[in-house]
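Peer 1: coordinates only, sequence not included:
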């Protein structure tokens with residue numbers, strides 16, 4: 001399965017990575033590894049995750065309070081829309097970016 005990253009999703013990931021690295025050296029790498037593990041699960045079972053709006057699905061990131069918002073574009077493509085802290089409103093993230 002091919003994963004396409006929206007610019008906003010890439011920015012979300014970079015910002016979260018940087019924040020965790022300021023807290024403890026290496027924690028950003030742990031966050032990145034948890035996100036990559038989540039993406040691997042999404043690639044294998046994209047329809048297993050709950051739909052949160054229209055065709056946008058949400059997968060929680062293990063160990064970190066973040067969620068990956070994505071949608072399936074074709075049988076072999078996933079579009080990662082956002083990676084948001086779970087206390088942020090999805091309206092300011094994946095739903096707003098969907099258009």
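Peer 2: On my side now, so go ahead. Note that the structure is a prediction, hence the values are computed from the model and not measured.
Peer 1: Now do the same contact list for the residue minimising distance to the centre of the chain.
Peer 2: Ranked by distance to the mean C-alpha position of the chain (CA atoms, centre = their mean), the top residue is residue 68 at 2.3 Å. Residue 68 sits next to 35, 38, 39, 42, 58, 59, 60, 61, 80, 82, 83 when contact means CB atoms under 8 Å, 6 or more residues apart in numbering. C-beta: built from backbone N, CA, C; applies to glycine.
Peer 1: Adjacent strands (with direction) for the helix or strand where it lies?
Peer 2: Assignment of secondary structure by DSSP states H and E places residue 68 within strand 66-74. Strand pairing for strand 66-74, determined by DSSP bridges: strand 56-60 (antiparallel), strand 77-85 (antiparallel).
Peer 1: which parts of it are buried?
Peer 2: Across strand 66-74, burial judged by 16 or more other CB atoms under 10 Å covers 66, 67, 68, 69, 70, 71, 72.
Peer 1: residues near the closest residue to residue 71 other than its chain neighbours, how many?
Peer 2: In space, and not counting its chain neighbours, residue 71 is closest to residue 55: 4.8 Å by CB to CB, 6 or more residues apart in numbering. Residues lying near residue 55 (other CB atoms under 10 Å) number 12.
Peer 1: Surely residue 55 is in contact with residue 70?
Peer 2: No - at 9.7 Å, residue 55 does not count as touching residue 70 under the criterion of CB atoms under 8 Å.
Peer 1: can you list the weak-confidence ranges in this protein?
Peer 2: Where the chain drops to pLDDT under 70, the residues are 88-99.
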